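Student: what shape does this take:
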Amino acid sequence: MDIGVVLQTTPPSSRVVDLAKKAEMFGFSHVWTFDSHILWQEPYVIFSQILAETRNVIVGPMVTNPATRDWTVTASTYATLNEMYGNRTVCGIGRGDSAVRVTNGKPTTLATLRESVHVIRELGCGRAVDYNGSSIRFPWASKSELEVWVAAYGPKALALTGEVADGFILQLADLSIAEWTIKAVRDAAEAAGRDPKSVKICVAAPAYVGDDLPYMRDQTRWFGGMVGNHVADIVERYGENSAVPKALTEYIKNRQGYDYNEHGRTGNSHTTFVPDEIIDRFCILGNADEHIRRLKELKEMGVDQFAVYLQHDGKEETLEAYGEKIIPAIQDLGKAKQ
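Tutor: Model (predicted):
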């Protein structure tokens with residue numbers, strides 16, 4: 001199982017690049033970032049510098065959306081980065097959250113998301129695609145390779161992911177929810193005539209290595225609020241008594257609004273509704289042994305990558321603990337099964 005890291009492109013950008021370099025040094029395979037151009041800096045510019053100062057890590061957004069940029073621009077950006085630095089990019093994409101809501105927009109439809117996945121991937125792989133009535137391709141991108149991974153929670157989005165995506169991103173580490181969503185994705189892939197195991201599975205959640213559990217909970221409570229935005233959309237669409245697990249939907253009953261100016265930040269004042277139990281299920285907190293235990297469970301479920309959200313005050317300590325103890329232990333688990 002690969003281990004990635006998710007960073008925010010908060011100034012100074014040199015700090016983001018430095019964390020990415022440390023992540024590579026400690027054995028992380030992927031460096032993801034938020035993509036919300038009003039709240040934080042432009043990720044693709046920073047990706048270029050990360051790629052220039054590293055040798056192996058793969059970079060991509062967690063996640064972009066079909067609304068912020070023209071799809072051909074997005075695809076061209078990936079193809080350009082691939083030409084400059086080798087094929088070391090991945091496109092994580094969803095319907096859109098903070099990037100569209102802070103400009104009073106709305107998440108795109110699933111139909112739009114489906115079409116954007118096709119256009120971005122085909123162009124990003126140097127192939128021709130029909131777009132706005134024209135057949136287009138990048139004549140300079142014949143060697144570019146790009147996978148598109150879709151972030152999803154609800155039944156229809158999970159089905160779309162299984163039908164068209166190269167990978168599935170689940171932004172929480174709860175085992176029961178992971179089991180339900182992974183099954184939904186793989187069932188949809190099989191129904192579409194695809195190999196279910198061909199869809200890569202990425203679980204992404206805050207991970208904090210330490211001993212002070214109450215403190216770590218407060219540092220990561222923001223995540224329950226972020227997930228709650230998507231859950232609120234699901235409840236509005238499917239109702240409170242749908243097939244969506246109660247383990248995902250019940251906790252937002254006391255949710256009252258959300259301020260995107262505090263999005264993804266420790267101390268977010270609109271996340272007091274998130275109980276400790278949700279944090280313990282959605283995040284991975286504790287000493288190195290606890291992280292290894294949780295990651296082993298995810299690996300046995302078929303998860304291909306765990307991506308560490310690093311939005312807390314223990315960044316370096318967590319990177320170091322993963323590099324020195326946790327990643328080697330997970331790698332040893334893989335060797336033992338060979």
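
Student: relative to residue 174, how far out is the nearest residue to residue 109 once chain neighbours are set aside?
Tutor: Distances taken as Cβ to Cβ, 6 or more residues apart in numbering place residue 95 nearest to residue 109, at 7.6 Å, with adjacent residues excluded. C-beta coordinates here come from the backbone N, C-alpha and C atoms, glycine included. Going from residue 95 to residue 174 by Cβ to Cβ, to the nearest Å gives 21 Å.

Student: these two: which is more packed in?
Tutor: Set residue 95 next to residue 174 and count neighbours by other Cβ atoms under 10 Å: residue 95 wins out with 25 against 21.

Student: could you pull out the buried residues of the helix or strand residue 83 falls within?
Tutor: When elements are assigned from DSSP states H and E, residue 83 belongs to helix 71-85. Residues 71-72, 74-83, 85 are the ones in helix 71-85 that count as buried (16 or more other Cβ atoms under 10 Å).

Student: save these as a markdown table, and put in distance to residue 242 and pLDDT too.
Tutor: Conversion of those to a markdown table gives the following (distance: Cβ to Cβ, whole Å; pLDDT from 0 to 100):
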| residue | distance to residue 242 | pLDDT |
| --- | --- | --- |
| 71 | 31 | 98 |
| 72 | 36 | 98 |
| 74 | 32 | 98 |
| 75 | 35 | 98 |
| 76 | 39 | 98 |
| 77 | 37 | 98 |
| 78 | 35 | 98 |
| 79 | 40 | 98 |
| 80 | 42 | 98 |
| 81 | 40 | 98 |
| 82 | 40 | 98 |
| 83 | 45 | 98 |
| 85 | 43 | 98 |
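
Student: so can I have a markdown table of those residues showing distance to residue 161?
Tutor: A markdown table is the format used below for the buried residues of helix 71-85 (distance: Cβ to Cβ, whole Å):
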| residue | distance to residue 161 |
| --- | --- |
| 71 | 18 |
| 72 | 23 |
| 74 | 18 |
| 75 | 19 |
| 76 | 24 |
| 77 | 22 |
| 78 | 19 |
| 79 | 23 |
| 80 | 26 |
| 81 | 24 |
| 82 | 23 |
| 83 | 28 |
| 85 | 27 |
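
Student: which one of those is nearest residue 141?
Tutor: The shortest approach to residue 141 among the buried residues of helix 71-85 belongs to residue 79, at 3.9 Å (Cβ to Cβ).

Student: nothing else from me, thank you.
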